[in-house]
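Q: here are the coordinates; sequence isn't available:
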Ligand code: AMP
Ligand code: ZN
């Protein structure tokens, strides 16, 4: 996509600090790091979210996430990190090209877990919740 920041980074039209690259994926340092070594991994092809990705590209993306995770673990001498995707504006996605954040963590760094991004659970019974999710699954099946 011509006006996408991360497409431009993947195409080297905009400079970045490349951490790793293959034919399908590109990993670079986040310009506003949450911790030392904070890296972003993107597919070279433009997708907004994982829902749109074909499964092969998804496999390539997560193979790169694994490689970069190992690399960061070696570099900073610790396998601790948060690995996550902000999907959609309500979830904090600012750049509309899917990307996986790898945020290295250290003991006593005062950060939280991924679950700490929100605490909006309304107390609904979990069997009711799972029924609703299953009903969507059946609705989609009937559409096929
Ligand atoms: P998100 O909120 O998940 O969309 O995160 C987008 C991330 O991209 C943020 O953490 C930004 O700091 C990062 N970012 C934005 N522009 C650049 C850039 N030119 N180079 C590297 N990282 C960037
Ligand atoms: Zn893009």
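A: Thanks, I have the structure now. Only a predicted model underlies this, so the values are computations on that prediction, with no experimental measurement involved. Ligands and ions are numbered 1, 2, ... in the order given.
Q: middle-most residue in this structure, spatially?
A: residue 100 (2.3 Å; C-alpha atoms, centre = their mean).
Q: Return the residues in contact with that one.
A: 40-42, 61-62, 65, 83-85 (C-beta atoms under 8 Å, 6 or more residues apart in numbering). Placement of C-beta: from N, CA and C, glycine included.
Q: which of the residues you listed are close to ligand 1?
A: residue 40 (C-beta under 6 Å from any ligand atom).
Q: Name the nearest of the contacts of residue 100 relative to ligand 2.
A: Checking the contacts of residue 100 against ligand 2 by C-beta to the ion gives residue 42 as the nearest, at 7.7 Å.
Q: Double-check that closest one against residue 102; I have them as touching.
A: No: Residue 42 lies out of contact with residue 102 (C-beta atoms under 8 Å); the separation is 11.9 Å.
Q: least trustworthy helix or strand in the protein by mean pLDDT?
A: One helix or strand of the chain scores below all others by mean pLDDT, DSSP states H and E: helix 126-143, with a mean of 90.
Q: ok, residues contacting the longest helix seen in the chain?
A: Ranked by number of residues, the top helix in the chain under DSSP state H is helix 55-75. For helix 55-75, the external contacting residues (C-beta under 8 Å, 6+ apart) are 19-20, 22, 24-25, 27, 37, 39, 41-43, 45, 47, 50, 53, 79, 81, 83, 98, 100, 102, 104.
Q: any idea how far that helix is from the chain center?
A: For helix 55-75, the distance from its own C-alpha centre to the chain's C-alpha centre is 11 Å (C-alpha atoms, centre = their mean, to the nearest Å).
Q: Counting neighbours, show which residues of the helix or strand following it come out buried.
A: Proceeding C-terminally, helix 55-75 gives way to strand 81-84 as the next helix or strand, assigned by DSSP states H and E. When burial is assessed from 16 or more other C-beta atoms under 10 Å, strand 81-84 yields the following buried residues: 81-83.
Q: Neighbouring strands of strand 81-84 in the sheet, and parallel or not?
A: strand 100-104 (antiparallel) (DSSP bridges).
Q: Between helix 55-75 and the partner strand, find me the angle.
A: Put simply, strand 100-104 runs at 10 degrees to helix 55-75, going by axes from the mean of the first three to the mean of the last three C-alpha atoms, to 10 degrees.
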